[in-house]
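Chemist: I need the structure of the sequence given here:
(2 chains)
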Number of protein chains: 2
Amino acid sequence: MAMQHTPLLMSRLIDRGATVSPDTEVVTATADGTRRQTMRETRDRAHQLAHALKDAGVQVGDRVGTFMWNGARHLEAYHATAGMGAVLHTLNIRLSAADLAYIIGHAEDQIIIADADTLPLLNQLAGKVPSVTKVVVADEDETGQWKCEVADAVDYEAFIAGKPTRFDWPELDENAPLGLCYTSGTTGNPKGVEYEHRSQYLHTMTVCMTDAMGLSATDTVCGIVPMFHAMGWGVPWAALMLGCKQVMPHRHMQPERLARLMADEGVTLSAGVPTIWQGVRAVVEASPDQYDLSRLSRLTCGGSAPPPSLIRWFHDALGAEMIQGWGMTETSPLATISRRLMKHSHPGLSLDEQLDNVAKAGQLMPGLELDIFDEDFNRLPHDGETVGEVLVRGPWICSEYYKNPQPDRFHEDWLITGDVGKIDPEEYLIIADRSKDLVKSGGEWISSVDLENHIVALPGIAGACVVAQPHPKWDERPVALVILEPGAEVDQPSILDHCATAFAKWQLPDEVLYVDEIPLTSTGKMDKKIVRADLEKRGYRLPDLR
Amino acid sequence: MAMQHTPLLMSRLIDRGATVSPDTEVVTATADGTRRQTMRETRDRAHQLAHALKDAGVQVGDRVGTFMWNGARHLEAYHATAGMGAVLHTLNIRLSAADLAYIIGHAEDQIIIADADTLPLLNQLAGKVPSVTKVVVADEDETGQWKCEVADAVDYEAFIAGKPTRFDWPELDENAPLGLCYTSGTTGNPKGVEYEHRSQYLHTMTVCMTDAMGLSATDTVCGIVPMFHAMGWGVPWAALMLGCKQVMPHRHMQPERLARLMADEGVTLSAGVPTIWQGVRAVVEASPDQYDLSRLSRLTCGGSAPPPSLIRWFHDALGAEMIQGWGMTETSPLATISRRLMKHSHPGLSLDEQLDNVAKAGQLMPGLELDIFDEDFNRLPHDGETVGEVLVRGPWICSEYYKNPQPDRFHEDWLITGDVGKIDPEEYLIIADRSKDLVKSGGEWISSVDLENHIVALPGIAGACVVAQPHPKWDERPVALVILEPGAEVDQPSILDHCATAFAKWQLPDEVLYVDEIPLTSTGKMDKKIVRADLEKRGYRLPDLR
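Modeler: Numbers count the residues shown, from 1 in each chain, chains lettered A, B, ... in the order given. Alright, predicted model coming up:
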C-alpha cells in the first residue's frame, strides 16, 4: 500500500460545511415567512438526532424513513443517518397508501420521521406498517395539534432535546448502504434503489465539478426537487460539504411562493422539474417587477426535458442559465448534463447553437460509460439519427434492486435505463422517449417528446402530451393532448401546420384533444399511463376509425 | 451489492476529452514557434505508445521513466502508461547525476522516454543504470542529431509508428500503482511516492471542483509546473478528462517566452511556482503593451507561498485571480487551496480581506483531514496563533514511501508533512515554515517565510531569503539574504525599519546580506540548505559575534 485507502464515507464530507462556514444559513419556508438556522446549528442538531435515533434502537444498516418536504429537519435526517451509518429511506409523500405500505414493509423501516402536515396521509397506513415502532413528528407549524395513528409518536424537538451535539461517526465499509429510494414503476411493485456511501460520495464530488452543476460554497442553493427523489439530485450532500446557503421551500410550492422565496433569499442556483420552471416563468411574466431574480445564475432542470422555449426564456428574461440533467433514481441520479458552455469549442458557437445544446440530455459525466444499443445489444452509431436503448454503467449506477434483483433490467453490468435515444457526433445524448412512450407507426418510431417540445413552443400553448393510440394498419398513431393558456385560441390546423415545419407528414398527430390538465406522476412527470387509460375508458378512437 | 463497484481507474477518465472534444488542440512550444496536434491525435498516439511499450516488454506494474519537459509527448506518456497499467516514473531533470542514478536503480526503470535536448544530462548516467534497456528519444527539435549513451535508443516517432491506435485498456485493481515521483529530501536518498489509480482519480475529480482550481473544458490550460513534479499538480489528468486546450512550454521557460505563449494561445488558467509568476510580472511590467493577457483568469500558485504583493499585482494589473494551493509530492499534491471567493461569506469581505485570504495556504479539500499537533501529537487550537506540526490524512495522501517505508514520517495513519503552521478560526491553514527552516530564537519561533514575504513587498527588492544562524545565547538568529532589482538601492536600515512595522524587535534579522542570486532546489524553491552551507563555508558570523 502506497497511498492511504481511506474509505469513501459520507461522514467525511457532511460536517465540512459547518466547519468552514458555521454561520451560513439554512432557511426553511414556513406558512407566514421563514425559519432560519445556521450550518453550525444544523450540524449540532444532526448529531443530536443521530444520538436520539441510536438511543431509540437504530443501528448501523437499519432503515430510517422520512415522510417530509424539503426543510432543515429533512436535511438533519440526511446528515444524521449518513453519519451514523443508518439507511435513509426517503418516502415519496405523493404515493398511494397501498404503495407506501408495500414500500415501508419491504424496507422494514423502524422509525419514520414525518412532517406534521403529512400525517393525514401517513395515518392511512395505520395497522398496515408493523415494522414501524416510532414516528418522529417535525411540527414545522408549531401547532402542537398533530395526531399520529401509525405508531408511537414523539415530537422531533423532544426527541433530540438534550442529546450530545457530537456523535463519533463510525468507520464503515465504503460500500455500506446509505440511502434507499423506491421508483414508482409502471408495472409491478415499486422497486428500491439502495445507494451506498462510495457511490454517493463520488456523485457528490461530480455534482460540484465546474462543468456539472458548478456548485460553489458561494452559492445560495434552493433545491425544489423533493429530497425524496433520488437524494434530491445530490444537492443536499453537496451543500452540506461546501457550506452553501440553503433555501428550502417545504410545502410552499406555489409558483408565487417559490419566486418570492428565491428573490428574497438571493438564490443563485436552483434545481427542479420543468413544470416548476413553467410555473415560475408564468408568475414572473405576469408581474416582472415583483420578483428580483437578478442573482439567479443557474437552474438545474431534470426529471424530463425542458422545452427549448423555456430554456430561451430564462436566458433572455432573467439571464439565468438552464442546465439540463438526465438521469434517474437508478443513476444516483446525475448521468449526463448539458450546459451552455461545456466544451472548448462552445464559446465559438452562436447563442442559438449553445441553447440548442442545452435542450439535449447532455454530455456524460466523467467516470460513467453510456451507449445506445439495438435489441441484440449491439452498439449503435453516434450519428444523431440512429435511435437505440440507452444503457449506462459506472460507479454510481445501480447494479440490482433492493431485495428484488430484476435481472431483466440489466445487461451484463449495464443498467437498461428504459429510455431510448440517440447520440450525436458531438457525443450528446438526446433522449427520444421512454421506450414505453414511443409511438410505433408503420415500423418507424415517432418521439412523443419531440412533438411535445415542438407544440409547446407555439404561443398560447401551456402544455402538451403526445401518446400512442392503437391503429389496425399503422400499429400505433400519435394523438396530442393540449392545454391552452387562459384566453388563448389555437385550433388544430394551426398546431398541425406548426408541427409540419419540423416533422414529416406521417409523424403528425392524428388529432389534437384540448384538455384542462394532464395527470402527473408522483415525480412530477406527465403520467402517460393514466392518459392512455383515460382515453381507453372514454372509448376514444382515432378519427379514421370512427 | 446494490450499486456498481466500478474500479476507479485512470483509464476511465483519460480518453474522455478526446471523445467529447476531438479537435481541441494540444500545443507545444518549440524553438521558433509551436507544434500543434489535436486531442484525437494525442489519444491515438498515446494508444500507439502503449502498444509500443507493451511490444518492448513493458507489462502491468512495470516502471517507465520520463526525462522530459512539459510537452505533448510527455502527455502521451502519461496517457499511455496510465491506460495500460504501467507506472509512470517522472524523473526530475534538474537532479544530480548521483541522485538520478540512485532513483532509476531504486525504481528499476526499464524504459526511459527522454527529450533529445536532455540527453547530455542523461548520458552522465552511462554505465550506472543497468535496469534501463531502452531509451525512447523525443526529438522535439527534429535535428536527428541526438546521441544516447545510456542504453539502446530509438526515436519516439519510429517507436510508435504503425502501432494500432486503439489499445484495450486492461481492468486493474483500483489500488494498482499509477505513478512514481521521488522527493528530493534534505537528508538521505530521495524517497519515492507511489501514486495509485484510485488516489489520482479522486484527486482529478477534486481539481475540477468549482471551489478548487475550477477547471472547465472551456479552459485553455498552461501547466508551467513541470510534469515531473507531483503529476504536474494533476493538471494533465484533468485536462485529458475534460478536453481542455493545453499549452505546454517545453524547455522554453524564459519569462518572455512564457508571457508570449500565454498571450498568443489565449491561456485562461496556468499553474506554476511563485518565481515563475515573479518573472512573468517583471516582463509584463516592463512592456505592458506587448502581452495581451486579458483572457487569463486564474493562476494556480504552489510549491511555496506567493507574496501578497504578487497576488495583488496580478489582480490589479491583469484582473487575474491568483489561487494558492498547498501540498507536496506526498499529498498528490493538492491538500488545501485558497481562492478569493470560496465561502458563502466571502463576497461580503473587502477586496483586501479577500486577497489576504489568498496569501494563506487555504481551506482543506473535501475528503481530507488536516490538523496541527504539538510534539506529543496532541491537537492544537485553531486560534490563528498556535503553531504546530501539520499532519494530513485521506484518500490521496501517501501512506509509506516506495520500498522504503520511513515510519518516522507518519504518526498512526497521518502523514507528518514537515511543515509547521497554524489554523485560524476560519479554518485557514497558514504555513509558518518548513519545520527545518524555522528560526528558533530564545525559545520562540520566528517564521522565515513571514519575514521573506514582508521584505519582498518593499519596492526595489527582487527576492529575499531568511535563514537561521547559530548564536550562543539565543540559539539561533535570523539573517536575510536580499536580491535588489536592477538599479535599486535599499539599505539595511530601510529594510529593518520596514520589518519593524510588522514584527517584534527580537524577530528582526540581525543582518541583511546583499546577493546576486539565491540557490534553488530542483523543484524551484529556495534551497536554504545550500544557503546555510555557503554561509558556513564563508565563515559567516553574526554581527555581534565578530
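Chemist: list the contacts for the nearest residue to residue A:54 once chain neighbours are set aside?
Modeler: Distances taken as CB to CB, 6 or more residues apart in numbering or on different chains place residue A:84 nearest to residue A:54, at 6.3 Å, with adjacent residues excluded. Where you see a C-beta, it was placed from the backbone N, CA and C, and this is true even at glycine. Residue A:84 sits next to A:50, A:53, A:54, A:58, A:60, A:167, A:169, A:170 when contact means CB atoms under 8 Å, 6 or more residues apart in numbering or on different chains.
Chemist: Residue A:329 now?
Modeler: Per CB under 8 Å, 6+ apart, neighbours of residue A:329: A:181, A:182, A:183, A:193, A:229, A:230, A:398.
Chemist: Report the separation between it and chain B.
Modeler: With the distance defined as CB to the nearest CB, to the nearest Å, residue A:329 ends up 12 Å from chain B.
Chemist: how close does that residue sit to residue A:68?
Modeler: Using CB to CB, to the nearest Å, residue A:329 is found at 18 Å from residue A:68.
Chemist: Over to residue A:371?
Modeler: Between residue A:371 and residue A:68 the computed distance is 37 Å (CB to CB).
Chemist: quick one: which of the two has more around it?
Modeler: Taking neighbours as other CB atoms under 10 Å in any protein chain shown, residue A:371 and residue A:68 compare with residue A:68 leading, 26 against 18.
Chemist: Relative to residue B:218, how far out is that one?
Modeler: 39 Å.
Chemist: just residue A:17 next, same as before
Modeler: 27 Å.
Chemist: more neighbours, those two?
Modeler: Taking other CB under 10 Å, residue A:17 and residue B:218 do not tie; residue A:17 has more neighbours (29 against 21).
Chemist: can you confirm residue A:235 is in a helix?
Modeler: Yes: Residue A:235 forms part of a helix when assessed by DSSP: H, G, I helix; E, B strand; the rest coil.
Chemist: do the helix or strand hosting residue A:206 and chain B meet at all?
Modeler: Element membership of residue A:206, judged by DSSP states H and E, is helix A:197-207. Yes: in terms of CB under 8 Å from any CB of the partner chain, part of helix A:197-207 sits within range of chain B, namely A:198, A:199, A:201, A:202, A:205, A:206.
Chemist: Quick one: list the elements packing against that helix.
Modeler: Counting contacts by 3 or more CB pairs under 8 Å, 6 or more residues apart in numbering or on different chains; DSSP states H and E, helix A:197-207 packs against strand A:177-183, helix A:235-242, strand A:334-338, helix B:197-207.
Chemist: and residue A:543, which of these is closest to it?
Modeler: Residue A:543 sits nearest to strand A:177-183 of all these, at 36.1 Å, using CB to CB.
Chemist: Tell me the strands beside that closest one, with direction?
Modeler: Note on strand A:177-183: by DSSP bridges, its sheet partners are strand A:87-90 (parallel), strand A:191-196 (antiparallel).
Chemist: between it and helix A:235-242, how big is the angle?
Modeler: Angle, strand A:177-183 to helix A:235-242, by axes from the mean of the first three to the mean of the last three CA atoms, to 10 degrees: 150 degrees.
Chemist: Let me know the average pLDDT across strand A:177-183.
Modeler: Here strand A:177-183 scores 96 as its mean pLDDT.
Chemist: Residues in contact with that strand: which ones?
Modeler: Residues from elsewhere that reach strand A:177-183 (CB under 8 Å, 6+ apart): A:10, A:61, A:63, A:81-82, A:87-90, A:92, A:103, A:106-107, A:190-197, A:199-200, A:228-231, A:328-330, A:402, B:2.
Chemist: Close to chain B: what parts of the stretch 351-500 of chain A are there?
Modeler: Proximity of the stretch 351-500 of chain A to chain B, by CB under 8 Å from any CB, involves residues A:363-364, A:366-367, A:369, A:393-400, A:402, A:413, A:426-427.
Chemist: who does the residue of the stretch 151-300 of chain A found nearest chain B bridge with?
Modeler: Shortest the stretch 151-300 of chain A-to-chain B distance, computed as CB to the nearest CB: residue-wise this is residue A:194, at 3.6 Å. Beta-bridge partners for residue A:194, by DSSP bridges, are residue A:180.
Chemist: okay, now the closest residue to residue A:476 other than its chain neighbours: neighbour count?
Modeler: Counting by CB to CB, 6+ apart, residue A:468 is the residue found nearest to residue A:476 once chain neighbours are left out, at 3.9 Å. Counted with other CB under 10 Å, the neighbours of residue A:468 add up to 21.
Chemist: hmm, back to that, wait, which of the residues of helix A:197-207 next to chain B is closest to residue B:489?
Modeler: Of the residues of helix A:197-207 next to chain B, the one sitting nearest to residue B:489 (CB to CB) turns out to be residue A:205, at 52.7 Å.
Chemist: and that closest one, how many residues sit next to it?
Modeler: So residue A:205, with other CB under 10 Å, has 25 neighbours.
Chemist: quick one: the nearest residue to it once chain neighbours are set aside from residue B:369, how far?
Modeler: With CB to CB, 6+ apart as the criterion, residue A:205 has its nearest non-adjacent residue at 4.6 Å, and that residue is residue B:205. Distance, residue B:205 to residue B:369, by CB to CB: 18 Å.
Chemist: Same question for residue A:536.
Modeler: Counting by CB to CB, the separation of residue A:536 from residue B:369 is 60 Å.
Chemist: So which of these two has more stuff around it?
Modeler: The neighbour comparison of residue A:536 against residue B:369 (other CB under 10 Å) goes to residue B:369, with 14 against 11.
Chemist: what bridges to the more buried one?
Modeler: Taking DSSP bridges as the rule, residue B:369 bridges to residue B:393.
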